[in-house]
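Visitor: Here is a sequence together with a model predicted from it:
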Amino acid sequence: MNSLSGGKTSSYIAANYPADYDVFSLVRIEDQNCKFPDKKIRKEVEDRIQAPFIGTAEDDMIIYTMLDLEQYIGRPITWVTGKTFEQIISKHGGFLPNKIARYCTTDTKTMPIAQWRHKNIDSDVIMRFGYRANEKGRASRMLDKTNDNGMTEVKIIVGTHSNGNNKWKNIEYCKPEFPLIENNIYKDSIESFWNDKPVRFAYMNNCIGCWWRGPMLLKHMADKHPNKMEWFAQQEENNKGRFKSEVSYREILDYNSQIMLFDDDFNECDSGYCGL
């Protein structure tokens, strides 16, 4: 299985390392101000995830990325989704995810894929992750969490008890594999590969307001996606805690825009890749 995020790196894996399954998990939000603008594509997304779709906490371009990528690789991409981000926050008692309570990636990405894998694949899974040759530390941290069988474990819902409460079970999720590390593939090779390919990519994948990002980059994202960053600010005002302990998102939105700031002033460290 290839685990797809919508970025160039995992898409490179899908294009160059064919798998039995390519799976993408969509992060949904309920804010009408963040509605995906193309009604026809919204309907297609709903058909794929079998759930209502208003908008995503990520760049809208990621939807087109996954549709383009499917056409390019010539294999179907499975779309999954969990609860909406608002429902996930509510499930956690209204406490927002942050560097201490890092539940957002688990609940929006890992668990939906794990639920789908448990339901549809009755065998061990080798899952490829998009860690590049300079990200051996990320791979090592993941491998440190595997069990004696070399498998990562995830706690998922497998049914309900007679009283209606969810029945949870730890499952062996996957055996991680890192083909880009094994084949010494760096970012420059991936960027070069996509230069002339018919796949559109977002400026940055992951959530627009990802709390791993620094305040300056978050303000930059607010200039690009004001409605979505407003959604993040409202989550802080309507729930408990902050995404970033040192500053509120409302304060970030009130920063003066840096008019001389360019997209290439930021790199993946600013984007929080090292924290995932």
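Guide: Yes, it's here.
Visitor: Could you check which helix or strand contains Arg48?
Guide: Arg48 is part of helix 39-49 when elements are defined by DSSP states H and E.
Visitor: For that helix, enumerate the helices and strands it packs against.
Guide: Counting contacts by 3 or more CB pairs under 8 Å, 6 or more residues apart in numbering; DSSP states H and E, helix 39-49 packs against helix 61-73, strand 78-81. All C-beta spots, glycine's among them, are computed from the backbone N, C-alpha and C.
Visitor: Pick the most buried one from those.
Guide: Of all the helices and strands packed on helix 39-49, strand 78-81 carries the top mean neighbour count, a mean of 22, counting by mean count of other CB atoms under 10 Å.
Visitor: what element comes up after it heading to the C-terminus?
Guide: Reading on from strand 78-81 to the C-terminus, the next helix or strand found by DSSP H and E is helix 85-91.
Visitor: So which bits of that following helix are buried?
Guide: Neighbour-count burial for helix 85-91 flags Phe85, Glu86, Ile88, Ile89 (criterion: 16 or more other CB atoms under 10 Å).
Visitor: Also stretch 199-219?
Guide: Neighbour-count burial for stretch 199-219 [16+ other CB under 10 Å]: 199, 201-202, 204-214, 217-219.
Visitor: Return the per-residue confidence for Ile100.
Guide: You'll see Ile100 listed with a pLDDT of 89.
Visitor: which residues of the stretch 51-200 of the chain fall in helices?
Guide: If DSSP state H, counting those that start in this stretch is used as the criterion, the helices of the stretch 51-200 of the chain fall at 61-73, 85-91, 104-105, 111-120, 136-144, 179-182, 187-194.
Visitor: quick check: angle from the last one to helix 61-73?
Guide: Read that as helix 187-194. Comparing the axes of helix 187-194 and helix 61-73 via axes from the mean of the first three to the mean of the last three CA atoms, to 10 degrees yields an angle of 70 degrees.
Visitor: Which one of the helices and strands packed on helix 39-49 lies nearest to Phe36?
Guide: The stretch from those with the least distance to Phe36 (CB to CB) is helix 61-73; that distance is 6.6 Å.
Visitor: Surely Ser248 and Ala233 touch.
Guide: Yes. Ser248 sits in contact with Ala233 when judged by CB atoms under 8 Å, with a separation of 7.5 Å.
Visitor: So for those two, which sits in the more crowded spot?
Guide: Ala233 (19 against 15; other CB atoms under 10 Å).
Visitor: Show me which residues of the helix holding Arg48 are buried.
Guide: Counting neighbours by 16+ other CB under 10 Å, the buried set in helix 39-49 is Arg42, Val45, Arg48, Ile49.
Visitor: Just name the shakiest helix or strand of this structure by mean pLDDT.
Guide: For the chain, the helix or strand with the lowest mean confidence is strand 152-160, at a mean of 89 (criterion: mean pLDDT, DSSP states H and E).
Visitor: in it, what's buried?
Guide: Under the neighbour-count criterion of 16+ other CB under 10 Å, strand 152-160 has Thr152, Val154, Ile156 buried.
Visitor: Just list what that strand packs against, helices and strands only.
Guide: Contacting strand 152-160 under the criterion 3+ CB pairs under 8 Å, 6+ apart are the following elements: helix 111-120, strand 166-177.
Visitor: deepest of these, which one?
Guide: Buried most deeply of the helices and strands packed on strand 152-160, by mean count of other CB under 10 Å, is helix 111-120, with a mean of 19.
Visitor: Show me the contact partners of that one.
Guide: Residues external to helix 111-120 that are found in contact with it (CB atoms under 8 Å, 6 or more residues apart in numbering): 1, 3, 23, 25, 78, 80-82, 125, 154, 156-158, 171, 173-174.
Visitor: What of stretch 143-151?
Guide: Identification of contacts with stretch 143-151 by CB under 8 Å, 6+ apart yields Asp124, Thr152, Glu153, Glu172, Tyr173, Cys174, Lys175, Pro176.
Visitor: How far off centre is it?
Guide: Using CA atoms, centre = their mean, to the nearest Å, the distance from the centre of stretch 143-151 to the centre of the chain it belongs to is 22 Å.
Visitor: End to end on that stretch, go ahead and measure it.
Guide: One end of stretch 143-151 to the other measures 8 Å (CA to CA, to the nearest Å).
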